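Colleague: How does the following fold in three dimensions:
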Amino acid sequence: MKKNIMLALVLGLIPASLAAASPLAEIAPGRAQIDANVTLGSSLKGERDGHTIDFDGDTRYRVGATVGISDGLGLDYTYASHEGDDNASVQSHQVNLVYQFNPYLYGFGGYVRNRAHHRGYTDNTNGFQVGATGRLPLGKTTPWAKFGIGNTITQYEVGVGYAITDNWEANVSYNDSKYKDFSGDTDVKTHGVNVGVSYKF
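Modeller: Predicted coordinates for the structure are as follows:
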């Protein structure tokens with residue numbers, strides 16, 4: 001009952017927040033994590049034909065979840081949304097299989113779908129990415145870093161999580177992403193500081 005109430009509270013945060021968090025400490029059946037974060041000071045830039053347009057960036061959000069499938073193998077989903085001036089925006093859905101090599105290192109790979117919009121221009125790309133995540137638990141604090149590369153995305157993120165309780169964790173991170181190969185040889189770059197919480201089952 002207590003877990004169901006906590007799950008409902010975390011799910012209630014998702015529409016109003018953004019997700020970037022330290023990875024699940026142990027990937028195993030029955031283990032899961034939900035992340036919700038707000039992106040502050042977001043930047044959104046478009047690149048086309050050697051020219052860059054700066055759309056500034058509004059506070060946006062990222063959400064995500066990781067579920068253990070078997071010992072060391074999990075499924076991870078992340079949604080990121082960024083908006084800027086002049087009706088410019090980019091969204092990304094990422095679904096990855098995650099393999100935990102040891103308590104400190106994870107590898108991942110999977111599917112990426114990105115969407116870019118600016119005034120009357122809208123385009124979607126589908127692609128893949130592979131990458132790695134590392135963590136270094138130091139008591140209640142866990143510094144971590146993530147890097148991913150693919151045919152339609154390149155991203156890195158560094159952050160730190162702090163265990164408030166056994167289940168709740170506060171997170172702060174910096175993310176830099178490039179969403180590539182939209183029509184017209186258009187790329188979109190974003191970066192920002194994420195602040196949020198994770199709930200671990």
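Colleague: remind me, longest strand of the chain?
Modeller: If each strand of the chain is counted by residues according to DSSP state E, the longest one is strand 32-48.
Colleague: Return the set of buried residues in it.
Modeller: Within strand 32-48, the residues scored as buried using 16 or more other C-beta atoms under 10 Å are 32-39, 42-48. C-betas here are computed from N, CA, C, even on glycine.
Colleague: which strands and helices sit next to the helix or strand following that strand?
Modeller: Note on strand 32-48: by DSSP states H and E, the next helix or strand toward the C-terminus is strand 51-54. Judged by 3 or more C-beta pairs under 8 Å, 6 or more residues apart in numbering; DSSP states H and E, strand 51-54 is in contact with strand 32-48.
Colleague: C-alpha coordinates for the strand it packs on, PDB please?
Modeller: Extracted C-alpha coordinates of strand 32-48, given in PDB (Å, rounded to 0.1, in the frame of the first residue of the first chain):
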ATOM      1  CA  ALA A  32      12.600  -0.100 -10.700                       C
ATOM      2  CA  GLN A  33      13.200   3.700 -10.600                       C
ATOM      3  CA  ILE A  34      11.100   6.600 -11.800                       C
ATOM      4  CA  ASP A  35      12.700  10.000 -12.500                       C
ATOM      5  CA  ALA A  36      11.100  13.500 -12.800                       C
ATOM      6  CA  ASN A  37      13.200  16.700 -13.300                       C
ATOM      7  CA  VAL A  38      12.800  20.300 -14.300                       C
ATOM      8  CA  THR A  39      15.300  21.800 -16.700                       C
ATOM      9  CA  LEU A  40      16.400  25.300 -15.700                       C
ATOM     10  CA  GLY A  41      18.300  27.700 -17.800                       C
ATOM     11  CA  SER A  42      17.700  25.600 -20.900                       C
ATOM     12  CA  SER A  43      19.300  26.600 -24.300                       C
ATOM     13  CA  LEU A  44      17.900  25.700 -27.700                       C
ATOM     14  CA  LYS A  45      19.800  26.400 -30.900                       C
ATOM     15  CA  GLY A  46      19.100  25.300 -34.500                       C
ATOM     16  CA  GLU A  47      21.800  24.800 -37.100                       C
ATOM     17  CA  ARG A  48      21.300  24.700 -40.900                       C
END
